[in-house]
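Peer 1: Sequence first, predicted model second:
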Amino acid sequence: MSRIGKQPIELPASVNVSLSPGRVMVNGPLGELTQDVPARMKIEQSDGVITVTRPTERGDDRALHGLTRSLIANMVEGVTRGFEKRLELQGVGYRAAIQGADLRLDVGYSHPVVIKAPQGITFEVPTATEVVVKGVAKQQVGQIAAEIRKVRPPEPYKGKGIRYQGEYVRRKVGKRA
């Protein structure tokens, strides 16, 4: 049995879950999330606990078992605590600022790069070289953070660019004269 899939999901008192075949809807203090799940997975809710069981021991069912459980657990965590990704800007003159609800990046191009905040995502700029992406959907937070990093990925010679907080950038030695 899948070690991840067989773990039950504890529901906080502030979270409501509605189940229908092939779809899970989670309501919580921070918002509402809906996710399509494989219809053949059996999802049961009782006494504030959700369990996911699979119909057969086939390989694809075993893989979907853990995936379905993880998706639901991430939805519950998202509507209760939310998710955040932190990015750092490293380089001379590299800075970030909030422009309305959007993020403005000055990262060495001849023009500022403006990233629009999609619905459900908020940006914070605690310092000029730090960006925090917050939201309730884990996949969406990670996707937007990846798009911000893609604007100027860290380069291996000087280490300049946008990186995740704590990310290790492998450095290279430059050519010698």
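Peer 2: In hand now; what should we look at? Residues are numbered from 1 along each chain as shown.

Peer 1: Could you pull out the buried residues of the helix of greatest length in the chain?
Peer 2: Longest helix in the chain by number of residues, with DSSP state H as the criterion: helix 59-80. Neighbour counts using 16 or more other C-beta atoms under 10 Å place 61, 64-80 of helix 59-80 among the buried residues. Every C-beta, even on glycine, is put in place using the N, C-alpha and C of the backbone.

Peer 1: can you list the weak-confidence ranges in this protein?
Peer 2: Counting by pLDDT under 70, the chain contains low-confidence ranges at 1-2, 177.

Peer 1: Domain map for this protein?
Peer 2: 4-81, 83-164 (the TED database).

Peer 1: residues in contact with A97?
Peer 2: 103-104, 106, 125, 128 (C-beta atoms under 8 Å, 6 or more residues apart in numbering).

Peer 1: With N16 instead?
Peer 2: Contacts of N16 by C-beta under 8 Å, 6+ apart are 26-28.

Peer 1: between the residues you listed, which is nearest Q139?
Peer 2: Of all the contacts of N16, V26 has the smallest distance to Q139: 14.1 Å, by C-beta to C-beta.

Peer 1: Surely the closest one touches P12?
Peer 2: No. Using C-beta atoms under 8 Å, V26 makes no contact with P12, being 10.9 Å away.

Peer 1: which residues do those two both contact?
Peer 2: In contact with both V26 and P12: V76, using C-beta under 8 Å, 6+ apart.

Peer 1: Neighbouring strands - and their directions - for the longest strand seen in the chain?
Peer 2: Ranked by residue count, the top strand of the chain under DSSP state E comes out as strand 83-90. Here strand 83-90 is paired, per DSSP bridges, with strand 130-135 (antiparallel), strand 161-164 (antiparallel).

Peer 1: got those as TSV, with distance to K150 columns?
Peer 2: As requested, those are exported to TSV (distance: least, C-beta to C-beta, whole Å):
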stretch	distance to K150
strand 130-135	13
strand 161-164	8
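
Peer 1: between those, which one is nearest to I144?
Peer 2: Of all those, strand 130-135 comes closest under C-beta to C-beta, at 5.3 Å.
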